[in-house]
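Asks: Starting from these lines, generate the structure:
(chains A and B)
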2 protein chains.
Amino acid sequence: MTDAPIFKRLALIGTGLIGGSIARAARAQSAAGSIVATARSAATRQRVRELGFADEVAETNVDAVKGADLVIVCVPVGACGAVAEEIGPHLKKGAIVSDVGSVKGSVLKEMAPHLPAGVHFIPAHPVAGTENSGPDSGFAELFVNRWCILTPPDGADPTAVDKLGAFWSAIGANVQVMTAEHHDLVLAITSHLPHLIAYTIVGTAEDLSEVTESEVLKFSAGGFRDFTRIAASDPTMWRDVFLNNKDAVLEMLGTFNEDLSKLTRAIRRGDGEALFDHFTRTRAIRRGIVQIGQDSAAPDFGRMQPGLPHTEIPRPYASEGD
Amino acid sequence: MTDAPIFKRLALIGTGLIGGSIARAARAQSAAGSIVATARSAATRQRVRELGFADEVAETNVDAVKGADLVIVCVPVGACGAVAEEIGPHLKKGAIVSDVGSVKGSVLKEMAPHLPAGVHFIPAHPVAGTENSGPDSGFAELFVNRWCILTPPDGADPTAVDKLGAFWSAIGANVQVMTAEHHDLVLAITSHLPHLIAYTIVGTAEDLSEVTESEVLKFSAGGFRDFTRIAASDPTMWRDVFLNNKDAVLEMLGTFNEDLSKLTRAIRRGDGEALFDHFTRTRAIRRGIVQIGQDSAAPDFGRMQPGLPHTEIPRPYASEGD
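Replies: Purely as a prediction, here's the structure:
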């Protein structure tokens, strides 16, 4: 890294988990000379001022982008088009405009028409996150060893693509370039379908009449709780993802349903061999994910606390026994 | 807790994640005077000797149960009946026989006929685990603040039930008593269906032709990786679970499929309101699970490592940029 920051002035529109993390990371890595941030609500802007992760908090999107070399739109996918329309006429010539949306085809389609010639539009998607949202939820290390996918449109300036890649790299991410179409297919299986399934099963559990909600919570350590984390993600963001990546999600859902039918049939017929074979095959994927550092190798995601002192073991039942 | 251990002699048949954890926990909490363990294979028995978590390693199930006050069968659900048949004639009068299986109706049906009068049979299920298996995978804190469900058959001796509850309580678990039928329904939604769904989607991802396995691994942080943990669980154990809790699993699966169809229809029709409403509702369940201590409150299950020094941020792409 040279002494000069990669971008002199970074503007962030939206200061939730992703926008707030970019700001914190860019400052920690000196990847931007100055950081201006804005948010839709006055309350959020006030909170960003209190948190102090931006050098400047602008009142409007238009104010925020003035003079910025890199503008990153960090709002739900469905809101990107309107933001582009608003900021388009006020962008600095030669600026790079990007986003962080989980769907790239629709973002490209919605934003591109509003951006003037002489501005480089390079959509991006950092594949990183937690179940939390809002300006307090971000942190500088969110992108470390995670992938950021860039989907430059045909004819994008390679220097601008490299420069945006260098920014993401500076704040810890691995960078990969692919088309928007391929991105949307890949993310449909690695992110969108898992969220849809998780949202579904958590809703199913809530609606059961034979099992109480208290039982669902108490006995969630049997596997259910792993699904609840991603089913606690931001509802607006995820509504927009499904509305905007409909085709790829429905395609993956079709394949998933076929596979689920196969396993259901094996259960119904008592075909233990088919079940065993399938369950053996899926272990390898987990090993692969851990090997490339995309998940914790610690059992149970490392969320247990071995080494707990004996005295902390609660004994609510023993007093009733002998 | 009194100075005397709850059971003088504990026999563990099976020394995988659960059996091995019971041994380690019982020793740490002095809940058993002595611990004898056995395993089916000579290699595992040898490994248990090396690990040293039992006072004695018996060569056979019959040898293990001789003189034991508490016998816990820690083998896959499908193997419980055969073990009961084998040990039945050799059990000490007044001994308590239990298990740790994830299905209780079938265990009750398979084991009970082989156990002699004068022995107390009280099936149990500690709702705790990790994706790892084998004698090395256990640890003393596995059951701390997890629930252990006891499903005593009609007419079981209340003193024996209390004593077994006191044992589980001593090694850290909360204890709840319910019928085997209700247990199998509750676990179908909190554990069995989540595992089936996770096994399915991981298989779906592996079989896709448009997305490479390397892409699935790299971009798994978008949500997919949360599913891979439980899809890496022991295949034999899970085959047996689905074969033995068929009816309840198929019932839950039916409800899940209906719910998934509803959300699919909302996506197809572009019904953002229905999606938003559903996604908002499911957040509450997550909060409930965290509140009662059944999952980590840390974002991302706490598997991130905030506070990573800046120097550790990898910069594989920056060198190619400016």
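Asks: okay, CA-based contacts and neighbour counts for the rest of this
Replies: Will do.
Asks: And A:Lys92, how close does it get to chain B?
Replies: 20 Å (CA to the nearest CA, to the nearest Å).
Asks: which residue sits closest to A:His183, ignoring its sequence neighbours?
Replies: A:Lys104 (6.9 Å; CA to CA, 6 or more residues apart in numbering or on different chains).
Asks: and the one you found, what pLDDT?
Replies: Turning to A:Lys104, the model gives it a pLDDT of 98.
Asks: contacting residues around the closest residue to A:Glu213 other than its chain neighbours?
Replies: Nearest residue to A:Glu213, sequence neighbours excluded (CA to CA, 6+ apart): A:Glu206, at 6.1 Å. The contact partners of A:Glu206, by CA atoms under 8 Å, 6 or more residues apart in numbering or on different chains, come to A:Glu213, A:Val216, B:Ile285.
Asks: what does the helix or strand hosting A:Glu85 rub up against?
Replies: Element membership for A:Glu85 (DSSP states H and E) is helix A:80-87. Here helix A:80-87 makes contact (CA under 8 Å, 6+ apart) with A:Asn61, A:Val62, A:Val65, A:Val73, A:Val107, A:Glu110, A:Met111, A:Ala112, A:His114, A:Leu115.
Asks: Give me the mean pLDDT for it.
Replies: 98.
Asks: tell me which parts of the stretch 1-150 of chain A are close to chain B?
Replies: Applying CA under 8 Å from any CA of the partner chain, we find that the stretch 1-150 of chain A lies next to chain B at A:1, A:6, A:28-29, A:127-132, A:139-142, A:144-147.
Asks: Of those, which count as buried by neighbour count?
Replies: A:6, A:28-29, A:127-132, A:139-142, A:144-147 (16 or more other CA atoms under 10 Å in any protein chain shown).
Asks: And the strands in chain A, which stretches?
Replies: A:7-13, A:32-38, A:56-57, A:70-73, A:96-99, A:120-121, A:124-127, A:147-150, A:174-177 (DSSP state E).
Asks: same question for the fourth one, mean pLDDT?
Replies: Which is strand A:70-73. If you average the pLDDT values across strand A:70-73, you get 98.
Asks: Go through it and flag the buried ones.
Replies: A:Leu70, A:Val71, A:Ile72, A:Val73.
Asks: May I have stretch A:54-69 as PDB, with CA atoms only?
Replies: Output of stretch A:54-69 as PDB, limited to C-alpha atoms (Å, rounded to 0.1, in the frame of the first residue of the first chain):
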ATOM      1  CA  ALA A  54     -17.300   9.200   9.200                       C
ATOM      2  CA  ASP A  55     -15.400  12.500   8.900                       C
ATOM      3  CA  GLU A  56     -18.600  14.200   7.800                       C
ATOM      4  CA  VAL A  57     -22.300  13.500   7.900                       C
ATOM      5  CA  ALA A  58     -24.200  15.000   5.000                       C
ATOM      6  CA  GLU A  59     -27.900  15.900   5.200                       C
ATOM      7  CA  THR A  60     -28.700  14.700   1.700                       C
ATOM      8  CA  ASN A  61     -27.500  12.200  -0.900                       C
ATOM      9  CA  VAL A  62     -26.800  15.100  -3.200                       C
ATOM     10  CA  ASP A  63     -24.600  16.800  -0.700                       C
ATOM     11  CA  ALA A  64     -22.800  13.600   0.100                       C
ATOM     12  CA  VAL A  65     -21.600  12.800  -3.400                       C
ATOM     13  CA  LYS A  66     -20.300  16.300  -4.300                       C
ATOM     14  CA  GLY A  67     -16.600  16.000  -5.000                       C
ATOM     15  CA  ALA A  68     -16.400  12.300  -4.100                       C
ATOM     16  CA  ASP A  69     -14.000  10.000  -6.000                       C
END
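Asks: what's the neighbour count on A:Asp154?
Replies: If you count neighbours by other CA atoms under 10 Å in any protein chain shown, A:Asp154 ends up with 7.
Asks: Same question for A:Ile292.
Replies: Other residues close to A:Ile292 by other CA under 10 Å number 12.
Asks: Could I get the phi/psi values of it?
Replies: Dihedral angles of A:Ile292 (phi, psi; degrees, to the nearest 10) stand at phi -90, psi 10.
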